[in-house]
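K.L.:
missing the sequence, but the structure's below:
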């Protein structure tokens, strides 16, 4: 059976997102890796950006250090949620620009692990076919 043609989504328009199904990622340009990624301290430890002993440090101190290093772009102190920085292209810092694959796949944050089952439109993704 021939694969159906799926129109390219606009990441900012949820109504253009495609219903997710297994195998969809293989032909995608990794558009999800251009969306803001919110992470928690446990994610940062898994990503080896924060040492486990820093768990006892104030999250605001960790955020300040990571912000200075260019790893995070925002920190919500009330919820202790960090937003990972993106490169000038809008891609996640960990997305390889040539292969469009995650450079830290085995250590990726929970947000990425659970996409597209959680997120702005559960069960859908901002699919764009590879060029």
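P.N.:
Here it is on my side, so go on. Predicted model only: the values in this text are computed from it and were never measured.

K.L.:
for the residue lying closest to residue 90 once chain neighbours are set aside, give its distance to residue 91.
P.N.:
Using Cβ to Cβ, 6 or more residues apart in numbering and skipping the chain neighbours, the partner closest in space to residue 90 is residue 34 (4.8 Å). For every residue, glycine as well, the C-beta is placed using N, CA and C. From residue 34 across to residue 91, the span is 6 Å (Cβ to Cβ, to the nearest Å).

K.L.:
so how far is the first residue of stretch 30-38 from its last?
P.N.:
17 Å (Cα to Cα, to the nearest Å).

K.L.:
where does this protein have low pLDDT?
P.N.:
Where the chain drops to pLDDT under 70, the residues are 1-5.

K.L.:
so which residue is dead centre in it?
P.N.:
Nearest to the mean C-alpha position of the chain, counting by Cα atoms, centre = their mean, stands residue 37 at 4.2 Å.

K.L.:
tell me which residues touch it, please.
P.N.:
Going by Cβ atoms under 8 Å, 6 or more residues apart in numbering, residue 37 touches 83, 84, 92, 109, 111, 112.
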